[in-house]
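K.L.:
structure here, sequence nowhere to be found:
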């Protein structure tokens, strides 16, 4: 299915073609643009998603001491700093020779992580995606925004704000601050939770679970409202990559890598993520600061994959919280025997995960280990550490190497949005091929390109690299 749109990556004869740019992309994190090349009959000859900002974290953290990394690298982003904080902390754990955290440290980190995903998914669904889903792609621009949602769906907007606020409170109490905290340190955490902090979070968690359940129901109903359009829009078939627990359960903090083929078959399973370089390579193209990862033994074209909520819900065998598992079963029943490849199903899958995080927070708040005294463990120094975590937007890789003085000599980050780069480009080409050819372009039509990109919830700031 994707072969027919791959031709739109590069026009064979770009001279004389008319250029149309969507710049900047709206309701996404970071700065990017889409460029289209059209011939005299408005047929699309080229469509590309460009990342136009440069952030050189992999380079300028070289020479820094390893213990700074969990705090330093989260400055990549103000939306998902906890994901970088924890991925770096997992890598640094290996640098200090810690193979297993204390129960208190692991559970405090998991609580922090679930709070991060809860608030991030709420922000994206209610604030960034819902204007298109509630009002339609061709609604007036003045209405198609968060202010329109506040005016016409005030209770829904309020729930989105308070769900995000709750997740940020979880982060504050586990990491020290809502943004750019310091909770995870080499070998563990720097604080556990006091009884009054746990009671404070318990006060509202039942409401958060209920609101998350309602958001999942809404996301499913919006998908089903025009099911043929939802199935078809920006649809591509790709491999799917995520962490999974060793028993196949959805796992967001730790697990083995699983890759599923477009037909649903397993390509590899329970791969130790410290061996990621054996299975994943990165391709560089001259027209983007964002790399193009692929499964190495399948090659750059057949090996492209998607990550994030759609991949994770398609990939896992079950979810170990009851309400989210019921949501997953409905999702899988609709999909049938093969993965659900519809790009708009990202929103449905994302709300299953938000509910899972709310349920998981409720469960963790009853665990006495959250208040334990053993917060840090020590080991013998190593020169290489690789941390992988499921960030809100997908699988996140942090790879560091240090010298004998503990200074960073090499860093490689493959962030979630980078993993989705080829897929996002293919999705916008699918929209262009299906909807634009031979037609005069209008703002609502161009917005559909953005709708396809927004489904992935990209974090463009995190995803930028220098060429080479």
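P.N.:
Now that the structure is in, tell me what you want to look at. Predicted model, so just to flag it, every value in this text is computed and none were measured. Residues are numbered from 1 along each chain as shown.

K.L.:
list the buried ones in stretch 381-396?
P.N.:
385, 386, 387, 388, 389, 390, 391, 392, 393, 394, 395, 396 (16 or more other CB atoms under 10 Å). Where you see a C-beta, it was placed from the backbone N, CA and C, and this is true even at glycine.

K.L.:
residue contacts, the residue most central in space within the chain?
P.N.:
With distances taken as CA atoms, centre = their mean, residue 393 lies nearest the centre of the chain, 0.4 Å away. By CB atoms under 8 Å, 6 or more residues apart in numbering, the residues touching residue 393 are 80, 120, 307, 308, 415, 416, 417, 420, 456, 457, 458, 459.

K.L.:
need the residues you listed in TSV (columns: secondary structure).
P.N.:
Shown next, in TSV, are the contacts of residue 393 (DSSP: H, G, I helix; E, B strand; the rest coil):
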residue	secondary structure
80	coil
120	helix
307	coil
308	coil
415	coil
416	helix
417	helix
420	coil
456	coil
457	coil
458	coil
459	strand
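
K.L.:
and which of these is nearest to residue 333?
P.N.:
Closest approach between the contacts of residue 393 and residue 333, by CB to CB: residue 308, at 21.2 Å.

K.L.:
okay, the closest residue to the closest one other than its chain neighbours: pLDDT?
P.N.:
Nearest residue to residue 308, sequence neighbours excluded (CB to CB, 6 or more residues apart in numbering): residue 394, at 3.7 Å. The score at residue 394 is 97. That number is its pLDDT.

K.L.:
backbone dihedrals for residue 394, please?
P.N.:
Main-chain dihedrals, residue 394, degrees, to the nearest 10: phi 140, psi -170.

K.L.:
returning to what we had before: export the contacts of residue 393 to JSON lines and tack on neighbour count and pLDDT?
P.N.:
Below are these laid out as JSON lines (neighbours: other CB atoms under 10 Å; pLDDT from 0 to 100):
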{"residue": "80", "neighbour count": "26", "pLDDT": "84"}
{"residue": "120", "neighbour count": "26", "pLDDT": "97"}
{"residue": "307", "neighbour count": "30", "pLDDT": "98"}
{"residue": "308", "neighbour count": "29", "pLDDT": "98"}
{"residue": "415", "neighbour count": "33", "pLDDT": "92"}
{"residue": "416", "neighbour count": "25", "pLDDT": "94"}
{"residue": "417", "neighbour count": "30", "pLDDT": "93"}
{"residue": "420", "neighbour count": "31", "pLDDT": "97"}
{"residue": "456", "neighbour count": "26", "pLDDT": "98"}
{"residue": "457", "neighbour count": "29", "pLDDT": "96"}
{"residue": "458", "neighbour count": "28", "pLDDT": "93"}
{"residue": "459", "neighbour count": "25", "pLDDT": "87"}
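
K.L.:
adding distance to residue 381, write those out as TSV.
P.N.:
TSV is the format used below for these (distance: CB to CB, whole Å):
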residue	distance to residue 381
80	29
120	34
307	32
308	34
415	27
416	29
417	32
420	35
456	38
457	37
458	36
459	32
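
K.L.:
closest to residue 347 out of those?
P.N.:
Distances from residue 347 to the contacts of residue 393, taken by CB to CB, are shortest for residue 457, at 9.1 Å.
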